[in-house]
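# Build me a structure from this.
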Amino acid sequence: MSKKLLAHSENKEKNIPAQTYQDHIDAVVALALSSAIAVSKFMPIQKRKEFISLVEWAAKYHDLGKVLSENQNELLDGTQKHLPMPHADAGALFMIKKNQTTSCLIRSHHAGLPDYQKEIHLNNNKQKQPNTRTNN
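Next up, the predicted model:
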């Protein structure tokens, strides 16, 4: 009998059992769909189905990198705090040719969304600064 894939190792200190990859994905998909449906009520009707579908695909593939054998070995062993192979990009890379929006959602789940207001502010400040370079 083969071992089930894990998404999270057991944490004996906190009395948290290991979580299978399938259980994790099922729970994330259910939560993501619930949230997407709630948010979609504020969208134009013709965009709702596509939005909900994009969120569902992102939820399904957000932790794809955890199925790598190196990561599974660590999750089964559970002695390290970090996975040996970065798992965040695998789902995003898998989805990039299928749907770039979903790929962006997956990447943003792990890395966070960019702070566009901050970036605009920094960019504006750079443009306002005088050029202090001298030509010698």
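
# any low-confidence regions in this protein?
1-2, 114-116, 119, 126-136 (pLDDT under 70).

# Contact partners for the spatially closest residue to residue 104 that is not a sequence neighbour?
Leaving aside its sequence neighbours, residue 104 sits nearest to residue 92 (Cβ to Cβ, 6 or more residues apart in numbering; 7.6 Å). C-beta coordinates here come from the backbone N, C-alpha and C atoms, glycine included. Residues near residue 92 by Cβ atoms under 8 Å, 6 or more residues apart in numbering: 103-104, 106-107.

# Show me which pair in these is furthest apart.
104 and 106 (7.4 Å; Cβ to Cβ).

# between those two, which one's more packed in?
residue 106 (27 against 16; other Cβ atoms under 10 Å).

# from memory the more buried one sits against residue 95, does it?
Yes. Residue 106 is within contact range of residue 95, at 6.1 Å (criterion: Cβ atoms under 8 Å).
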